[in-house]
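>>> Here is my input; please provide its structure:
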Amino acid sequence: MSFLSDNCTIVAISSGLKNAAIGVIRVSGPEALNFLSKIFVPYRKQVDILNSKGYRAYYGTLQKDGEFIDEVIVTIYRKPHSYTGEDMVEISCHGNVILMQKIIDVFLDMGCRLAKPGEFTLRAILNQKIDISKAIAIRDIIESTTEQMLRLSLNNLRGSFSSKINWIRERLLYWIPWLEALIDFPEEDIPDINLEDLKLEIIGIIEQIEKIISNYHISKMYREGIDTVIIGKPNVGKSTLFNYLYGQERVIISDIPGTTRDIITEYINFNGVILKLYDTAGFRKTSDIIERIGIQKAKEIIDRAQLIFWVIEYDNLDENDMEIVSNLSKDKRIIIIINKIDKEKDKEKIKKFEEKVKNLMSNILVNFAIVSCSIKENINMDILRELVPKIIGLDGQDEIILVDNFQYEILKKIVFFLKRAIEDFNLSVEIIAINLREALNCITELTGENLSDTVIENLLSRFCVGK
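Modelled structure (predicted):
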C-alpha cells in the first residue's frame with residue numbers, strides 16, 4: 001500500500017501503551033468528525049460536533065449502541081489548522097490500556113484504519129504542515145534522554161536545520177533556471193552568467209553542507225550513546241565505579257579477585273552524556289577457563305569502545321597495568337582513574353604518583369586524561385563528571401545541528417553532485433546544470449517535496465505509533 005495515495009481516516013493511541021491517569025487517542029482524516037459524532041454524547045446537548053469550529057474542547061461520554069464506554073474530553077481540529085492538516089480529533093479518556101483499546105476498536109468497526117508508526121507526522125509532511133527535518137526533530141524530542149539532546153532537538157523543530165537547507169535550495173534555484181535558459185534558448189538575449197561567481201557560490205555551499213555533515217558523529221553520540229568500557233586489574237574498584245555511575249547497586253562487589261566474570265551493560269545519563277556502560281572482567285593472568293572467556297569478551301568490546309575508564313589503584317602500578325595499556329589503541333579516548341587515594345593523607349605523594357602515571361602514558365597514549373580520586377568516599381568525583389564531555393568532544397557544542405542517518409546520507413549525495421559540478425566546470429554549461437539539478441533533487445528529499453515510498457518507509461521506521 002502506498003501512503004501517498006491513502007486517504008482513509010486513521011486512529012491510534014498517542015499516549016503510550018501503559019496505564020496512566022489520562023490517555024489520548026488521535027483520529028485524523030475526512031471521516032474523523034463524522035465517526036466521533038456517532039459515539040460522542042456531549043454534556044451540553046446543543047453541541048453539534050459535525051459543524052463545530054476548530055480548537056474547541058467538549059466534555060461528554062462515549063457510547064455505542066447505548067452502552068457507556070467512558071467519560072471523555074474531545075478536542076476538535078479543523079483542516080488545515082491541525083497537526084496533520086486534516087480534520088482531526090483528540091480524545092482524552094481514562095488512561096487504562098484495555099479501555100483505550102476498546103475505544104480504538106469502536107473506531108475500527110466504523111471504518112477507521114489503525115495508524116502506522118509515524119503516520120500522523122507523515123500526513124503533516126504531505127499536507128505541507130512541516131518538512132521532513134522538522135518531523136525528525138519531533139521524533140528526537142520524543143526520544144531525548146538528556147537535556148542537551150532535548151534542547152538541540154527543539155532548535156531543529158524551530159528550523160535550525162531547515163533554514164540552512166532552504167537557503168541552499170534558494171541559491172541553487174537562483175542559478176539553475178539561468179543555466180537552463182542559456183542552454184534551451186541560445187538565440188534569446190539572455191545575460192551571460194559570471195561562471196567564476198557561480199563556482200565560488202558552489203564552493204561556499206559545499207563548505208556549509210560539510211559543516212553540517214561534521215555534526216553527524218556528535219549527533220550519533222547524543223542519539224545512540226557512547227560505548228564506554230571500565231577496565232583494570234581485579235579489585236581496583238571497577239564495580240564500585242560502575243555502581244557510582246549507575247547510581248545504585250547493580251553488580252556484586254567483592255574483595256575476591258575475579259568476581260566480575262561477565263560483561264555487564266547499562267545505559268546511564270552522566271552529566272548530560274548517555275554512556276552505554278560495560279563493566280568488564282578484571283585483567284590478569286589466570287588458568288580459570290570461565291574467567292579467561294570473560295577477559296576475551298572484554299578485549300573485543302574495548303576494540304570498539306569510544307571511551308575507556310581505566311581504573312588503577314593508587315601507588316600500585318605494576319606489570320599487569322602495563323599489559324592492559326599495551327593492548328589499547330593509542331588514539332582511544334581514555335580517562336585514567338587513580339582510585340583509593342583516601343588511603344594516602346599526603347597530597348604531595350598523590351600528586352607525584354599522578355605525574356608518574358602521566359609521564360609513562362604520554363609515551364603510549366595520545367588522547368587521555370587523569371583524575372585522582374576515591375570512588376568509595378566520593379573524593380574528586382566531580383572532576384570525573386567534568387572530564388567526560390571534554391574528552392569525547394561534547395563540551396562547547398551548544399550550536400551544533402543534529403543530523404540523523406537519513407539526512408547524513410542525502411547531504412553526502414548533495415556534496416557529491418556539487419563537487420562533480422566543480423570538477424567538470426570547464427567541460428560545458430550543460431554538465432554544470434545537470435549536476436546542480438541532481439543536487440537540488442536530493443534537497444527536495446530533505447524538504448519532503450519529493451517523497452517516494454522508500455523515503456517514507458525510512459522515515460516511519462523511526463517513529464512510535466500515535467505520532
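
>>> hey, where'd the strands end up in the protein?
10-13, 20-28, 40-42, 56-64, 67-77, 88-95, 113-114, 226-232, 264-270, 273-279, 307-313, 333-339, 367-372 (DSSP state E).

>>> Who are the packing partners of the fifth one?
The one in question is strand 67-77. helix 32-39, strand 56-64, strand 88-95, helix 97-110 (3 or more Cβ pairs under 8 Å, 6 or more residues apart in numbering; DSSP states H and E). For the C-beta atoms, the positions are set from N, CA and C on the backbone; glycine is no exception.

>>> Could you dump these into TSV with mean neighbour count added?
As requested, the helices and strands packed on strand 67-77 are exported to TSV (neighbours: other Cβ atoms under 10 Å):
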stretch	mean neighbour count
helix 32-39	19
strand 56-64	15
strand 88-95	21
helix 97-110	16
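
>>> if we compare those, which one ends up closest to residue 118?
strand 88-95 (15.6 Å; Cβ to Cβ).

>>> helices and strands around that closest one, which ones?
strand 20-28, helix 32-39, strand 67-77, helix 97-110.

>>> can you pull the buried residues of stretch 214-229?
215-216, 218-223, 225-229 (16 or more other Cβ atoms under 10 Å).

>>> average model confidence for it?
Averaged over stretch 214-229, pLDDT sits at 86.

>>> How far away from the center of its chain is that stretch?
Its chain's C-alpha centre and that of stretch 214-229 lie 9 Å apart, by Cα atoms, centre = their mean, to the nearest Å.

>>> what does that stretch contact?
140, 143, 146, 148-149, 152, 267, 273-278, 280, 298, 301-302, 304-309, 392-394, 397, 400-404, 408 (Cβ atoms under 8 Å, 6 or more residues apart in numbering).

>>> Restricted to buried residues, select the residues you listed in PyMOL.
Buried subset of the contacts of stretch 214-229, written as a PyMOL selection, criterion 16+ other Cβ under 10 Å:
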select buried, resi 140+146+148+149+152+273+274+275+276+277+278+280+298+301+302+305+306+307+308+309+392+394+400+401+402+403+404+408
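
>>> Now for the spatially closest residue to residue 370 that is not a sequence neighbour, how many residues are close by?
What sits nearest to residue 370 in space, not counting adjacent residues and going by Cβ to Cβ, 6 or more residues apart in numbering, is residue 336, at 4.6 Å. By other Cβ atoms under 10 Å, 22 other residues sit near residue 336.

>>> Residue 336 bridge partners, please.
Beta bridges link residue 336 to residue 310, residue 370, judged by DSSP bridges.

>>> mind checking how far it is from residue 319?
Counting by Cβ to Cβ, to the nearest Å, the gap from residue 336 to residue 319 is 17 Å.

>>> next one: residue 360
12 Å.

>>> neighbour count winner among these two?
Higher neighbour count among residue 360 and residue 319: residue 360, with 14 against 9, using other Cβ under 10 Å.

>>> contacting residues for the nearest residue to that one once chain neighbours are set aside?
In space, and not counting its chain neighbours, residue 360 is closest to residue 317: 7.6 Å by Cβ to Cβ, 6+ apart. Going by Cβ under 8 Å, 6+ apart, residue 317 touches 353, 356, 357, 360.

>>> same question for stretch 22-39, mean pLDDT?
Averaging the model's pLDDT scores along stretch 22-39 yields 97.
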